[in-house]
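Visitor: what's the 3D shape of this:
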Amino acid sequence: GAKFTMSDTFHKADLVLQNANVWTVDPRLPRAEAVAINGDKIVAVGKNSEMAPLLVNGTKTYDLGGRLVFPGFNDSHTHFMVATARMATSMNLLGVEELSEIQGILREHSEKFADIDWLMGFRWGPPHHQDTWPTRHDLDKVEPTRPVAIFDMDGHTAWVNSPALKALGYDQNTTEPEGGTIVREESGFPSGILFEKAFEPLERKALLDFKGFSVPIIEEIANLHRIGLTSISDNANLPTYIDFCERMLGDGNLKIRVNHWPDLDEGVEKAIQIRERFLGNDKFSVVGVKLFMDGVLSNRTAWLLEEYSDSQDETGYPVNDMDELTEWVLEADREGFQVITHAIGDRGVREMLDVYERAARENGRRDSRHRIEHGEMIHPDDQVRFAQLGAIPSMTPMHCATSEPKMYLPIRIGPEREIYAYAWRDLIDAGARLCFGTDHPTLSIEKPEPLKQLFHAVTRIPPDNPGLQPWRPEQAVTIEEAIRCYTLEPAYAEFKDDQKGSITPGKFADLCVLDQNIFEIDPHQILETQVVMTIFDGEIVHLAL
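Guide: Numbers count the residues shown, from 1 in each chain. Okay, the predicted model is just below:
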């Protein structure tokens, strides 16, 4: 028959969704009418009539009136925990471009937080389209005594004031750090703009403690449920983060599955300890370690095979010493870790795939599922290598939407290379297992909710400007593929595809229900679609029916 069930030992269901349009993301039974849940697991998927034997006294049933049901969304790349904690005491500069407005926000922030040592701002959108950067003096006018550090949208540029430079020990005699750039005034003194490794010591100095943040994080997790998210991959390097998550698990407040990425440059030993500590936990786990290969296209630190189109002598650079990086990867691979590398430029991606290939050669080939994060430019010769190496490209659809209309991407890389920027279609056609995420907080996790990202993936039109023409629409994906890239593929990318990512008996009951059938409507209507129910671990955590 059409039904598949977990086993014959289950004779009852706690919760049954009936009269639904179930898109399972499981090729063995792609569509169904009903789903039965017992405890935290899916126990049966099939026709309405087939659920009758599971209905007992106390079974809750929901008639969904034909609404679309599919697996809970899984955001494959976030910095959710650290961003949520930081935002509690930081300036959020999303969408603020005018200098005077930023100064006004800093003034208010400075008064509100009179007792904190560092004033931090995030999600600033620098003027990428021109080459004039603001300076330390612009911040000194408002806050001349305490250090101020404002990080740009993608976290690769910091704008700091004079006290922050002093705290870093930077002056006109400071040499350029390996893998970073200090922008300078004519005198040679730092101007207040720092790229990549040049501001890394900042992070260490201004690290926040996690102790007081459980309330905003619990609230933010509830916001994730409202947009249908039930799993995230998360990278945070705050010292007390792991203890904090363990406390939340103990309190029953971690109502999201977290695939945590320790930083590889902190050492493999540390990652092994965290992995051991959470072995077998189904809500918090470690399978991979995070690493940086290069920077970003916006400030020309992404590593390219050829020069930037708008700057003849620049090709970007690796932010780590290549020999050191290779040693780290070989060691992590030997210890059975997946390596998760930020690589954006076509050379950065190629060099990283070479390192993964070397790891397979030297350590023996295994199901490593090493990852490339962002991969905004992947040369056609390298697109086919993902499937060959079993490597995974992990991308953010909305990064394409935000870089393209501002027009810095075509200016940076020119028309010849533009054709392989954000090449989702080509990657899938080449057999790669592409997965999608937001890279929160470079994008607000709630504003490009998964549905907006799906819209962009299938149309190549920015959700916040839906009247625009699509940009390189030949790289769009189908709605089925887009959903798979946001559910089953991220589960596969964290070695959890046997536990989640499709509506399959035996898997965790993590589901979401939409108010419209996004397979049948005009893609623009996806932008109006709402998540009306989210189930996490068998519990209804969001309901707006």
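Visitor: which helix or strand lies directly C-terminal to the helix or strand bottoming out on mean pLDDT in the chain?
Guide: When the helices and strands of the chain are scored by mean pLDDT, DSSP states H and E, strand 4-5 comes last with a mean of 65. Next in sequence after strand 4-5, counting helices and strands by DSSP states H and E, comes strand 15-18.
Visitor: quick one: mean pLDDT for that following strand?
Guide: The predicted model assigns strand 15-18 a mean pLDDT of 98.
Visitor: for it, what is the distance to the chain centroid?
Guide: The chain centre lies 31 Å from the centre of strand 15-18; the measure is CA atoms, centre = their mean, to the nearest Å.
Visitor: against which helices or strands is it packed?
Guide: When contacts are defined as 3 or more CB pairs under 8 Å, 6 or more residues apart in numbering; DSSP states H and E, strand 15-18 packs onto strand 34-38, strand 60-63. Using the backbone N, CA and C atoms, a C-beta is placed for each residue, glycine as well.
Visitor: quick one, which of those is nearest to E474?
Guide: Set against E474 and scored by CB to CB, the helices and strands packed on strand 15-18 come closest in strand 34-38, at 36.1 Å.
Visitor: quick one: mean pLDDT over the closest one.
Guide: 97.
Visitor: which residues are contacting that strand?
Guide: For strand 34-38, the external contacting residues (CB atoms under 8 Å, 6 or more residues apart in numbering) are 10, 12-20, 22, 42-48, 50-51, 54, 69, 503, 509, 511, 535, 538.
Visitor: only C-alpha atoms, please: export the helix or strand that comes right after it in PDB.
Guide: Sequence-wise, the next helix or strand downstream of strand 34-38 (DSSP H and E) is strand 41-46. Output in PDB follows, covering the C-alpha atoms of strand 41-46 (Å, rounded to 0.1, in the frame of the first residue of the first chain):
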ATOM      1  CA  LYS A  41       9.000  10.500  16.300                       C
ATOM      2  CA  ILE A  42       7.000  10.200  13.100                       C
ATOM      3  CA  VAL A  43       5.400   6.800  13.100                       C
ATOM      4  CA  ALA A  44       3.300   6.600  10.000                       C
ATOM      5  CA  VAL A  45       2.800   8.500   6.700                       C
ATOM      6  CA  GLY A  46       0.100   7.700   4.200                       C
END
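Visitor: what's the angle between strand 41-46 and strand 34-38?
Guide: 160 degrees (axes from the mean of the first three to the mean of the last three CA atoms, to 10 degrees).
Visitor: low-confidence ranges, the protein, go.
Guide: 1-10, 127-131, 203-215, 239, 403-407, 444-448 (pLDDT under 70).
Visitor: need the longest helix for it.
Guide: Scanning the chain for the helix with the most residues, using DSSP state H, yields helix 346-363.
Visitor: and the next helix or strand past that one?
Guide: strand 371-374.
Visitor: hmm, back to that, which outside residues touch the longest helix of the chain?
Guide: Contacts for helix 346-363 (CB under 8 Å, 6+ apart): 293-294, 302-305, 315-316, 318, 322, 325-326, 329-330, 333-334, 339, 341, 343, 366, 368, 370, 372, 375, 377-379, 381-382, 385-386, 389, 391, 417, 420.
Visitor: centre of the chain to stretch 469-481, how far?
Guide: 20 Å.
Visitor: buried set for it?
Guide: Using 16 or more other CB atoms under 10 Å as the test for burial, stretch 469-481 gives 471-472, 475-477, 479, 481.
Visitor: quick one, which of the helices and strands packed on strand 15-18 is packed in tightest?
Guide: Counting by mean count of other CB atoms under 10 Å, strand 34-38 has the highest mean neighbour count of those, with a mean of 26.
Visitor: paired strands for that strand, with orientation please.
Guide: strand 15-18 (antiparallel), strand 41-46 (antiparallel) (DSSP bridges).
Visitor: same list, these, but as JSON lines with mean neighbour count and distance to V349 please.
Guide: Below are the strands paired with strand 34-38 laid out as JSON lines (neighbours: other CB atoms under 10 Å; distance: least, CB to CB, whole Å):
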{"stretch": "strand 15-18", "mean neighbour count": "22", "distance to V349": "41"}
{"stretch": "strand 41-46", "mean neighbour count": "24", "distance to V349": "37"}
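Visitor: out of those strands, which is closest to D26?
Guide: Comparing these by CB to CB, strand 41-46 comes nearest, at 8.0 Å.
Visitor: which ones among the contacts of helix 346-363 are found in helices?
Guide: Per DSSP H, the contacts of helix 346-363 map to helices at 322, 325-326, 329-330, 333-334, 381-382, 385-386, 389, 417.
Visitor: what about H109, neighbour count?
Guide: Per other CB atoms under 10 Å, the neighbour tally for H109 reads 20.
Visitor: before we move on, what about D251?
Guide: D251 has 10 nearby residues by other CB under 10 Å.
Visitor: what distance do you get for it to I518?
Guide: For D251, the distance to I518 (CB to CB, to the nearest Å) stands at 36 Å.
Visitor: do the same with M87
Guide: Distance from M87 to I518, by CB to CB: 30 Å.
Visitor: out of those two, name the residue with the larger neighbour count.
Guide: I518 (21 against 17).
Visitor: the more buried one touches I526, doesn't it?
Guide: Yes - applying CB atoms under 8 Å, one finds I518 in contact with I526, separated by 5.2 Å.
Visitor: list residues touching both of those two?
Guide: 451, 454.
Visitor: excluding chain neighbours, what is closest to the one residue sitting closest to the centre of the chain?
Guide: Taking CA atoms, centre = their mean, the centroid of the chain lies closest to H77, which sits 2.1 Å from it. Closest residue in space to H77, ignoring its immediate chain neighbours: G437 at 3.5 Å, by CB to CB, 6 or more residues apart in numbering.
Visitor: what residues are up against the one you found?
Guide: 75-78, 232-233, 394-396, 490.
Visitor: as TSV, those with secondary structure and distance to L119 would be great.
Guide: What follows is those, written out as TSV (DSSP: H, G, I helix; E, B strand; the rest coil; distance: CB to CB, whole Å):
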residue	secondary structure	distance to L119
D75	strand	29
S76	strand	32
H77	strand	28
T78	strand	24
I232	strand	28
S233	strand	30
S394	strand	33
M395	strand	33
T396	coil	28
P490	helix	35
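Visitor: excluding residues flanking it in the chain, which one is nearest Y62?
Guide: Per CB to CB, 6+ apart, closest to Y62 is L17, 5.2 Å.
Visitor: repeat for A432
Guide: F386 (3.8 Å).
Visitor: right, and that neighbour touches L427 too?
Guide: Yes - the pair F386 / L427 is scored as a contact, 6.6 Å apart, by CB under 8 Å.
Visitor: and for those two, which residues touch both?
Guide: Common neighbours of F386 and L427 (CB under 8 Å, 6+ apart) are P393.
Visitor: now do N281 against H260, distance only.
Guide: In this view, N281 and H260 are 10 Å apart by CB to CB.
Visitor: out of the two, which sits in the more crowded spot?
Guide: Using other CB under 10 Å, the more surrounded residue of N281 and H260 is H260, with 24 against 15.
Visitor: is it true that E178 touches M322?
Guide: No - with contact defined as CB under 8 Å, E178 does not reach M322; the gap is 11.1 Å.
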